[in-house]
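K.L.:
What follows is a predicted structure for the sequence shown.
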Amino acid sequence: MADPELQLVARRIRSFPDFPVPGVLFRDISPLLKDPAAFRASVGLLARHLRQTHGGDIDYVVGLDSRGFLFGPSLAQELGLGCVLVRKRGKLPGPTVSASYTLEYGKAELEIQRDALEPGQKVVVVDDLLATGGTMRAACELLSQLQAEVLECVSLVELTSLKGREKLAPVPFFSLLQFE
């Protein structure tokens, strides 16, 4: 990890063992959000990756409820784009479309406003962390219902041992930091 900006970002992620339950090592982004230079670096690094990979082909950044909302608008602004929100069920006004996904303890649903995107528009999906991939996969399915083209999914942190990126295939995935 030679990039000083990436080192700064990595130093601002802290770990809490046995949270929220025993056996889980929680990766906390709160210190990153408190540090303007580290947050700016994280957004800049994600934007640089997206520019190098997709050039000007992206129409919108899609932020996932809820911590994807912390990165989505800032990343969109850095790229000169708008940001579209994908929310948990019941949080958006007007007509919506939904997709359900499985959690360790049940099911959940994501929604997007029916008129948020036009068919054929190209988007990237952003969240703070990729774990099992269920939420991000459901977001991709939701976006395909609107006939949007998901160019890539990105996150700040990836928990590689949970193999979430495999659930996203064939959609490409990129993360700044990877942890077991």
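P.N.:
Structure's in. What do you need?

K.L.:
In three-state terms, label L156 for me.
P.N.:
At L156, secondary structure determined by DSSP: H, G, I helix; E, B strand; the rest coil is strand.

K.L.:
Do I have it right that L45 meets L6?
P.N.:
Yes: counting by C-beta atoms under 8 Å, L45 sits close enough to L6 to count as a contact (6.2 Å). In short, each C-beta sits where N, CA and C put it, glycine included.

K.L.:
Which of those two has more residues huddled nearby?
P.N.:
L45 (19 against 15; other C-beta atoms under 10 Å).

K.L.:
which SS state does that one fall under?
P.N.:
Taking three-state DSSP, the label given to L45 is helix.

K.L.:
Give me the common contacts of L45 and L6.
P.N.:
L176 (C-beta atoms under 8 Å, 6 or more residues apart in numbering).

K.L.:
Pretty sure G72 sits against C83.
P.N.:
Yes: at 4.7 Å, G72 counts as touching C83 under the criterion of C-beta under 8 Å.

K.L.:
And the two? Which one has more around it.
P.N.:
Neighbour count, other C-beta under 10 Å: between G72 and C83, G72 has more, with 26 against 19.

K.L.:
Right, I'll leave it there.
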